[in-house]
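*Asks:* All I have is the shape, not the residue letters:
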């Protein structure tokens, strides 16, 4: 069951629900009793997105319809490119879905500046990406998810890696009414390396679900995963991370960390980090912490004349900054810093 299947058939009974183990914290069936009608075409002009004019090419999908040339996402061997990929919702009380392929030839290098932009209040959106990297290719994917206040949004990405590839991802989200961002990586080992990072900063009644799966199928592969979250008011953050090391995937080095701060009594974080190891010669570890802001550090900063609001913002910026500093593409790193600062000082 999936949102895409439900939208295609028009049957809300096919939506995932809390009875599905992987969806128990992001129940769509209990929220959507009736599916909205399809989103209409939109000819409205687009203003600048979160990444402004960074990059060389922009590909936009508006209400599920392509604007621009999707061939910009197909890189030839050895080609290098920076592309803005925008998913924009402009119509309220409607639903749309989109499928898109991203392919990197041998030795290609892509920086993908991806954004989800809710310009309408209530909508339902489903996005499916299929990413493949040939031998020696490299992809850095930086995602800013800025869905609408009342949006129900699901993004699912399947990543197939070749030998000696590099895949790096940083997700930045402030949630929606219901939001789920999934990443599934088929890891061949073979000298390939994966970095999977995320930051969620939630307030109000926003909900964000970051779900990942990495399957190591061969020897000599690495995965490094770091996710940090901050929830306040009545918001809810969900982190589900699973790393599977298959039999024979020896010399795998896989590490996963999730840390979250809860800043109010009614906010909630649900975390489920998993390591499933079926090989012997591996180095694998995972960690998970959920707690409150360090009151001693806050007291120390206030003693030096900082107002409490500013002191709290600085501490939280430092907390999530550890993830943001891992972004390799410097212009996107600056966008991420500004994104975090704006939400923490609001």
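*Replies:* Received the coordinates, thanks. Everything numeric here is computed off the predicted structure, so don't read it as measured data.

*Asks:* okay, CA-based contacts and neighbour counts for the rest of this
*Replies:* Fine.

*Asks:* For the residue nearest to residue 38 when sequence neighbours are not counted, give the beta-bridge partners.
*Replies:* In space, and not counting its chain neighbours, residue 38 is closest to residue 95: 4.8 Å by CA to CA, 6 or more residues apart in numbering. Beta-bridge partners for residue 95, by DSSP bridges, are residue 38, residue 124.

*Asks:* got a list of what residue 95 touches?
*Replies:* Residue 95 makes contact with 7, 35-39, 63, 123-125 under the criterion CA atoms under 8 Å, 6 or more residues apart in numbering.

*Asks:* Report the next helix or strand after the lowest-mean-pLDDT helix or strand in the chain in sequence order.
*Replies:* Lowest on mean pLDDT, DSSP states H and E among the helices and strands of the chain sits helix 295-303, with a mean of 67. The helix or strand immediately downstream of helix 295-303 is helix 308-324, counting by DSSP states H and E.

*Asks:* who does that next one touch, helix- and strand-wise?
*Replies:* Helices and strands touching helix 308-324, by 3 or more CA pairs under 8 Å, 6 or more residues apart in numbering; DSSP states H and E, are strand 193-202, strand 222-231, helix 295-303, helix 330-344.

*Asks:* quick one, the first one and strand 222-231 angle?
*Replies:* To tie it back to what came earlier, the one meant is strand 193-202. Interaxial angle, strand 193-202 versus strand 222-231 (axes from the mean of the first three to the mean of the last three CA atoms, to 10 degrees): 0 degrees.

*Asks:* out of the contacts of residue 95, which are buried?
*Replies:* Among these, the ones that count as buried by 16 or more other CA atoms under 10 Å are 7, 35-36, 38-39, 63, 123-125.

*Asks:* okay, the residues you listed in JSON lines with pLDDT and distance to residue 260 next?
*Replies:* What follows is the buried ones among the contacts of residue 95, written out as JSON lines (pLDDT from 0 to 100; distance: CA to CA, whole Å):
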{"residue": "7", "pLDDT": "85", "distance to residue 260": "33"}
{"residue": "35", "pLDDT": "92", "distance to residue 260": "33"}
{"residue": "36", "pLDDT": "93", "distance to residue 260": "34"}
{"residue": "38", "pLDDT": "94", "distance to residue 260": "37"}
{"residue": "39", "pLDDT": "94", "distance to residue 260": "36"}
{"residue": "63", "pLDDT": "96", "distance to residue 260": "33"}
{"residue": "123", "pLDDT": "95", "distance to residue 260": "28"}
{"residue": "124", "pLDDT": "95", "distance to residue 260": "28"}
{"residue": "125", "pLDDT": "96", "distance to residue 260": "27"}
